[in-house]
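Q: fold the following, please.
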Amino acid sequence: MAAPAKALEKLGLVDLQRCILETVQGTRAKKDLEASFAKGQAQLDKKTKDLQKKVEDLRAKAAMLSQDELGKRQAELMQKDQELQKLYSDLQEEIATKEAQLTEKIYKNVAAIIKDVAAEEGLQLVLVRSQATVLYANPKLDLTNRVIVAYDKKYT
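A: Now for the predicted structure:
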């Protein structure tokens, strides 16, 4: 017969989201993502304005164009609109991929730091602190600040 499980005596909590956002590496990654998005968004805004200008121009000239010419220009504008939608979708996908890669890298590094801190403190269990998983915990159990400091020492 198996011995009963020993009661947990030492545990800790870490807010992974804070670790990802508040480490130097995480802060840099967030700024890089925002810059990439802003650059892509600026290009999209320019193309959107150009397309809107062409649509307005076509509306102004529609009465003077033949049906064939009008249809041809409308088809071109619809194609340009589809290209614009694809560019927008590609930008979102690119940013999401970059964010996932950066987050995964930081997460792995944070996990290693947590393992070291847990060993130093003799902790049996470290939980991820979030509103969905931990409703209340004694603030003394929170290792987040210590993990962020140790992370920045090791990875910057």
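Q: from here on, contacts and neighbour counts on C-alpha atoms
A: Fine.
Q: which residue lies nearest the spatial centre of this protein?
A: Closest to where the C-alpha atoms of the chain average out (Cα atoms, centre = their mean) is Glu99, at 4.2 Å.
Q: gap between the helix or strand where Leu58 lies and the chain center?
A: In the assignment (DSSP states H and E), Leu58 maps to helix 24-61. Taking the mean of its C-alpha atoms, helix 24-61 sits 18 Å from the chain's own mean (Cα atoms, centre = their mean, to the nearest Å).
Q: next one: stretch 68-79
A: From the chain centre to the centre of stretch 68-79 is a distance of 38 Å (Cα atoms, centre = their mean).
Q: what residues sit buried inside that stretch?
A: Neighbour-count burial for stretch 68-79, counted by 16 or more other Cα atoms under 10 Å, picks out 70, 73-74, 77.
Q: ok, back up a step: mind giving me the packing neighbours of the helix holding Leu58?
A: Here helix 24-61 touches helix 16-22, helix 67-121, helix 144-155, going by 3 or more Cα pairs under 8 Å, 6 or more residues apart in numbering; DSSP states H and E.
Q: what's the most buried one of those?
A: Highest mean neighbour count among the helices and strands packed on helix 24-61 (mean count of other Cα atoms under 10 Å): helix 16-22, with a mean of 19.
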